[in-house]
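**Q** I would like to see how this sequence folds:
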Amino acid sequence: MAKTPQFEKAKLFALDWIKDETPRLMWYHNLEHTKDSVLPTTERLLTMEGIKGKERQIVMVAAAYHDIGYTMTYQDHEEASAYMAGEMLPQFGYSKKDIRDIKRVIMGTKLPQIPENMLEKIMCDADMDILGTDDFFTKNGYLMLEMNNNGSNFETDEWNKQQLDFLEQHNYFTASARKLNNEGKQKNIALMRTLNNRL
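**A** Below you'll find the model as predicted:
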């Protein structure tokens, strides 16, 4: 299991940092996203895919740190997250190799997602779990507000069309995520199509 004392300390450090340092009006990429969505989803996918031991811990740490870069910058936050993980994790006893692996998993979430191994695929799928959930439309609205607060200027109709394109083009990388989320994602696609047809 990933829940070693080493991991718990590293995770709590990341969550406290995100809680204290995330800028105001981050409606989507905030503590809730990491703590209540990405971390538990990552753990569930790791279990379903049979990932254990060191590899499991690598992905769980990456999940805790994957968006910490938003406390530094909005653009290219993946690079910032990987950099910050590299600066923060040595204090918890992670080796240089572990940290390199963690940083690679974090960078695997950068859009367009092109994961190179199973660990990166799991991280990508956990980060996109929302696409297949009942919370999609609420969270999607929060994401538009957040992006508009950080330099974008989306109108609702333009945003909805863009999000429909994203949903239709997206594919989960792991069999486990497809099993958990494909049905819900198809429902969200159907609802988004209906919404777009009304515009």
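
**Q** Pick out the residue nearest the middle of the protein.
**A** The structure's the chain has its C-alpha centroid closest to residue 127; by CA atoms, centre = their mean the separation is 2.7 Å.

**Q** right, and that one touches residue 66 too?
**A** Yes. Here residue 127 reaches residue 66: they are 6.7 Å apart, a contact under CB atoms under 8 Å. Using the backbone N, CA and C atoms, a C-beta is placed for each residue, glycine as well.

**Q** Run through the residues that contact the residue nearest to the centre of the chain.
**A** For residue 127, the contact set (CB atoms under 8 Å, 6 or more residues apart in numbering) comprises 38, 66, 109.

**Q** and the lengthiest helix in the chain, what's its mean pLDDT?
**A** Longest helix of the chain, by residue count under DSSP state H: helix 175-197. Per-region confidence: helix 175-197 scores 96 on mean pLDDT.

**Q** I would like the residues contacting it, please.
**A** Residues contacting helix 175-197 (CB under 8 Å, 6+ apart): 44-45, 48-49, 125-126, 128-129, 131-134, 136-137, 157, 160-161, 163-164, 167-168, 170, 172.

**Q** circling back to that earlier point, overlap in contacts of residue 127 and residue 66?
**A** Contact criterion CB under 8 Å, 6+ apart; residues shared by residue 127 and residue 66: 38, 109.

**Q** from the contacts of residue 127, which ones fall inside strands?
**A** Counting by DSSP state E, the contacts of residue 127 place none of their members in strands.

**Q** now those residues in TSV, with pLDDT and neighbour count?
**A** Converted to TSV, those look like this (pLDDT from 0 to 100; neighbours: other CB atoms under 10 Å):
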residue	pLDDT	neighbour count
38	99	23
66	99	32
109	98	24
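
**Q** tell me which of those residues is nearest to residue 97?
**A** Distance to residue 97 across the contacts of residue 127 (CB to CB) is lowest for residue 66, with 19.0 Å.

**Q** in the chain, which spans are helices?
**A** 5-21, 31-32, 39-48, 53-65, 77-88, 96-107, 118-127, 136-149, 156-169, 175-197.

**Q** Go through those helices and name the closest to residue 71.
**A** helix 5-21 (3.9 Å).

**Q** pull the CA atoms of that closest one into PDB?
**A** Extracted C-alpha coordinates of helix 5-21, given in PDB (Å, rounded to 0.1, in the frame of the first residue of the first chain):
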ATOM      1  CA  PRO A   5       4.400   7.200   7.000                       C
ATOM      2  CA  GLN A   6       6.600   8.700   4.300                       C
ATOM      3  CA  PHE A   7       3.800   9.000   1.900                       C
ATOM      4  CA  GLU A   8       1.300  10.400   4.500                       C
ATOM      5  CA  LYS A   9       3.800  13.100   5.500                       C
ATOM      6  CA  ALA A  10       4.500  14.100   1.900                       C
ATOM      7  CA  LYS A  11       0.800  14.100   1.100                       C
ATOM      8  CA  LEU A  12      -0.200  16.200   4.100                       C
ATOM      9  CA  PHE A  13       2.600  18.700   3.200                       C
ATOM     10  CA  ALA A  14       1.200  19.000  -0.300                       C
ATOM     11  CA  LEU A  15      -2.400  19.400   0.800                       C
ATOM     12  CA  ASP A  16      -1.500  22.000   3.400                       C
ATOM     13  CA  TRP A  17       0.500  23.900   0.800                       C
ATOM     14  CA  ILE A  18      -2.400  23.800  -1.700                       C
ATOM     15  CA  LYS A  19      -4.800  24.900   1.100                       C
ATOM     16  CA  ASP A  20      -2.700  27.800   2.200                       C
ATOM     17  CA  GLU A  21      -1.100  29.000  -1.100                       C
END
